[in-house]
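S.K.: predicted model, plus sequence, below.
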Amino acid sequence: MSATQELKIVFTGPMGAGKTTAITSVSDIAPISTEMRNHDQESFAKEATTVALDLGHIGLEDGTVVRLYGTPGQDRFSFMWEIIGRGSMGVILLIDGSSVNALPDLRTYAAAFARIAPEQPFIVGVGRTRADDDVELLDACAQALASLQLSAPIFSVDVRKREDVLLLIDTLLASLELRELDQV
Amino acid sequence: MVSLNAAGPPQRRIALIKPRSASDEQAGHAVQLFDSVLWVFKGTTRSVWLSTSDDEAQVIVVHHSEHAARIDAWRVAGKIVIKLSTDGAKHPAGPYTLLYPFPAVQVLGMLERVEAELEGWTEAPAAAAPEIIPERPSTPSSDPWSFVEALRTLRSLTNSTLWLECKGARGVSLWVRGDGSRYVCDNATAATIRAGALDLSGLTLQKSAPPPNNLSARPGQELFWFATYHASAALAPWVEENANYRLIRWPDFGRVRASDDVVRSAQIRIVAALASAAGSVATLTSRTQSPIEHTTRTMNALACCGLIEPAKATVEQPRPSSQTPVPPGGLKHFLRNLRKHLGLGAR
């Protein structure tokens, strides 16, 4: 463990996967978002998107602050992933399950963050799934991770629901705690 | 070799004899369970089993309490007698004896042997004796695993064209696809299954028409998880108490999340512990400081869903030291505060 570093949880994933929504649902304050007009409507029909980062904040009663970072969703800002991801307590990857790029996106982000934060808990939330096909999609996600020699919790979630975001965070915290216990 | 009738599957006549004592609930349940399995797997067995009187039957199914003289008479008449035992000490499982509560797969195995015998195939029955299930605590009135065992057998048969309706005394309407991959029910029934408020052990599976179109299909894994988790606080017959298990994959807690904070938190911790290192029920209970009931139920459900497997004896490699920043006051203190702040669980 390294001491006196910033305490941060990173939300990553492609554009439109719900990173800003997820951070908003658990942050004490409205997250500082650097959203701008999306000029890439061909890839994703969304008016505004995060071009640098989202920053949320959780202040604990003893004064400790946990920062919630959302990485930019556009490929050309991928250099930011390393800056944001390094030294994080864990990474939550959000994937849009309705996207044709769901699996390639999963592979890209998983491989990148396995390099950036290899020892930290890595949790995958797959959104916009349908009850009748999410089993197959989650199976495919697990296989995609396995092909990278990775394994991670993969949950179907709706990040508009706070309890779904809390499920991802709770899993991250439990993973952190159990790893720590096993190292003692 | 067994030769199959080109004109269609052979027909066999079977008689299920009512137990002598109507007040012996266990005996009644044993015969009923055998009957349910026959009904559920109609069309999937090698022969077609037709229920007839004992006079016409080639195969007789009786409770162990049946008069010995009557059993002898059937045998003398060339009939094959299958005994259903509810007393493992006096009537242990054997080539033609099933010990209640028996999983559906044992009934199917028994029927296959009987079919082979009727066709003149002379494999020694003892070689294919059914597996004896270790004794488990069970309620006197029903087997808590009967429904889950039926689901497990269903999954192993992978007949996705078949639909089975689960019927119970309370008029529950629940359909399961023949390969166990989907189930269908209304939202209220789904909620009672999730909450463990529905006694699934009282349900029987029956072949049926496909479910109504106005009900949406749900992943079968969800039914497997909740049916198993809520079935019993005792270890399931398919989980070894002292074996170490490793996690194959996390359950989709987005779908199978417990509504109770304490239970949810315990389940996540138990699976996180398994993800970190293989463990037995006892070691996981200790590592996660969870009540043993939560560990047992979670392990039952994980095993039923095929998400854990026995761990091979390997030497655990030490992990590289974590780069996790140290919060002021230590990680434990920090996690407690953060969980409290977010309203997570009771830890």
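M.R.: Received, thanks. Every value quoted in this text rests on a predicted model; they were computed, and no experiment measured them.

S.K.: if I look at residue B:57, how far off is residue B:80?
M.R.: According to CB to CB, to the nearest Å, residue B:57 stands 9 Å off from residue B:80. Any C-beta I mention is one placed from the backbone N, CA and C, and that applies to glycine too.

S.K.: so which of these two has more stuff around it?
M.R.: Ranked by neighbour count (other CB atoms under 10 Å in any protein chain shown), residue B:57 and residue B:80 place residue B:57 first, with 22 against 19.

S.K.: and the residue nearest to the more buried one when sequence neighbours are not counted, how close does it get to residue B:31?
M.R.: Excluding the flanking residues, the one nearest residue B:57 by CB to CB, 6 or more residues apart in numbering or on different chains is residue B:15, at 3.6 Å. From residue B:15 over to residue B:31 the distance is 11 Å, taken as CB to CB.

S.K.: joint contacts of those two?
M.R.: residue B:61 (CB atoms under 8 Å, 6 or more residues apart in numbering or on different chains).

S.K.: check which helix or strand the residue nearest the centre of chain B maps to.
M.R.: Nearest residue to the geometric centre of chain B (CA atoms, centre = their mean): residue B:149, 2.1 Å. Assigned by DSSP states H and E, residue B:149 falls within helix B:146-157.

S.K.: and that helix with chain A, contact?
M.R.: No. Helix B:146-157 lies out of reach of chain A by CB under 8 Å from any CB of the partner chain, never closer than 12.9 Å.

S.K.: hmm, back to that, thinking the residue nearest to the centre of chain B is in contact with residue B:104, fair?
M.R.: Yes. Counting by CB atoms under 8 Å, residue B:149 does reach residue B:104; the two are 5.8 Å apart.

S.K.: pick out the residue in the stretch 1-150 of chain B sitting closest to chain A.
M.R.: Relative to chain A, the nearest point of the stretch 1-150 of chain B is residue B:148 (18.8 Å; CB to the nearest CB).

S.K.: quick check: closest non-adjacent residue to residue A:82.
M.R.: Spatial nearest neighbour of residue A:82, chain neighbours left out: residue A:116 (5.4 Å); criterion: CB to CB, 6+ apart.

S.K.: show me the contacts for that neighbour.
M.R.: A:81, A:82, A:85, A:86.

S.K.: okay, and the beta partners of residue A:32?
M.R.: residue A:55 (DSSP bridges).

S.K.: okay, it and residue A:53: tell me how far apart.
M.R.: Distance from residue A:32 to residue A:53, by CB to CB: 9 Å.

S.K.: more neighbours: the two, which one.
M.R.: Neighbour count, other CB under 10 Å: between residue A:32 and residue A:53, residue A:53 has more, with 21 against 13.

S.K.: my understanding was that that one contacts residue A:69; is that so?
M.R.: Yes. Contact criterion CB under 8 Å: residue A:53 and residue A:69 qualify, at 5.9 Å.

S.K.: give me the common contacts of these two.
M.R.: residue A:84.

S.K.: output the below-cut-off pLDDT ranges for the chain.
M.R.: This is for chain A. A:1-5, A:35-52, A:74, A:131-133, A:183-184 (pLDDT under 70).

S.K.: should've been chain B
M.R.: B:1-8, B:120-142, B:168-171, B:314-323, B:345-347.

S.K.: can you pull the domain assignment for it?
M.R.: Chain B resolves into domains spanning B:11-128, B:146-231, B:233-313+B:323-347 when parsed by automatic domain parsing.

S.K.: what about the second one, start to end distance?
M.R.: The first and final residues of domain B:146-231 sit 9 Å from each other (CA to CA, to the nearest Å).

S.K.: so how far is that domain from its chain's centroid?
M.R.: 12 Å (CA atoms, centre = their mean, to the nearest Å).

S.K.: equivalent analysis for the first one, please.
M.R.: Between the centre of domain B:11-128 and the centre of its chain there are 20 Å (CA atoms, centre = their mean).

S.K.: equivalent analysis for the last one, please.
M.R.: With CA atoms, centre = their mean as the basis, domain B:233-313+B:323-347 stands 22 Å off its chain's centre.

S.K.: residue contacts, the residue nearest to residue B:57?
M.R.: Residue B:15 neighbours (CB under 8 Å, 6+ apart): B:51, B:52, B:53, B:54, B:56, B:57, B:59, B:60, B:61.

S.K.: and which of these is nearest to residue B:206?
M.R.: residue B:51 (14.1 Å; CB to CB).

S.K.: thought the closest one was touching residue B:17?
M.R.: No. Applying CB under 8 Å, one finds residue B:51 not in contact with residue B:17, separated by 11.3 Å.

S.K.: more neighbours, those two?
M.R.: Applying other CB under 10 Å to residue B:51 and residue B:17 shows that residue B:17 carries more neighbours, namely 19 against 12.

S.K.: now the more buried one. Nearest residue, chain neighbours left out?
M.R.: Using CB to CB, 6+ apart, the closest residue to residue B:17 is residue B:62 (4.5 Å).

S.K.: so what touches the helix or strand that neighbour falls within?
M.R.: Here residue B:62, judged by DSSP H and E, is contained in strand B:59-63. The contact list for strand B:59-63, computed with CB under 8 Å, 6+ apart, reads B:12-17, B:19-20, B:24, B:27, B:30-31, B:34, B:54, B:71, B:74, B:79-86, B:114, B:118.

S.K.: that strand: partners in the sheet, and parallel or antiparallel?
M.R.: Take DSSP bridges as the rule and strand B:59-63 pairs in its sheet with strand B:11-16 (parallel), strand B:80-85 (parallel).

S.K.: after that strand, next one along is what?
M.R.: Immediately after strand B:59-63, counting by DSSP H and E, sits helix B:68-76.

S.K.: for residue B:344, list the residues it contacts.
M.R.: By CB under 8 Å, 6+ apart, the neighbours of residue B:344 are A:166, A:169, A:170, A:173, B:261, B:265, B:338.

S.K.: the top helix by length along chain A and chain B, any residue contact?
M.R.: Longest helix in chain A, counting residues (DSSP state H): helix A:162-183. Yes. Using CB under 8 Å from any CB, helix A:162-183 reaches chain B at A:164, A:166-167, A:169-171, A:173-183.

S.K.: please pick the buried ones from these.
M.R.: The neighbour count (16 or more other CB atoms under 10 Å in any protein chain shown) marks A:164, A:166-167, A:169-171, A:173-181 as buried among the residues of helix A:162-183 next to chain B.

S.K.: related to what we said a few turns ago, filter the contacts of residue B:15 to the buried ones?
M.R.: Taking 16+ other CB under 10 Å as the criterion, what is buried in those is B:54, B:57, B:59, B:60, B:61.

S.K.: hang on, residue A:153 packs against residue A:174?
M.R.: No. With contact defined as CB under 8 Å, residue A:153 does not reach residue A:174; the gap is 9.5 Å.

S.K.: what's the burial count for residue B:154?
M.R.: 25.

S.K.: thinking it is in contact with residue B:164, fair?
M.R.: Yes. Using CB under 8 Å, residue B:154 is in contact with residue B:164, at 7.1 Å.

S.K.: what is in contact with the two at once?
M.R.: Going by CB under 8 Å, 6+ apart, residues that sit against residue B:154 and also against residue B:164 are B:40, B:176, B:178, B:205.

S.K.: who wins for neighbours among the residues you listed?
M.R.: Greatest neighbour count in those, by other CB under 10 Å, goes to residue B:176: 29 neighbours.

S.K.: for it, helix, strand, or coil?
M.R.: Here residue B:176 is strand, with the state taken from DSSP: H, G, I helix; E, B strand; the rest coil.

S.K.: tell me what it is bridged to.
M.R.: Applying DSSP bridges, one finds that residue B:176 bridges with residue B:164, residue B:183.

S.K.: thinking again about what came up before, spit out the contact partners of the residue of the stretch 1-150 of chain B closest to chain A.
M.R.: With the criterion set at CB under 8 Å, 6+ apart, residue B:148 makes contact with B:200, B:224, B:227, B:228, B:231, B:236, B:304.
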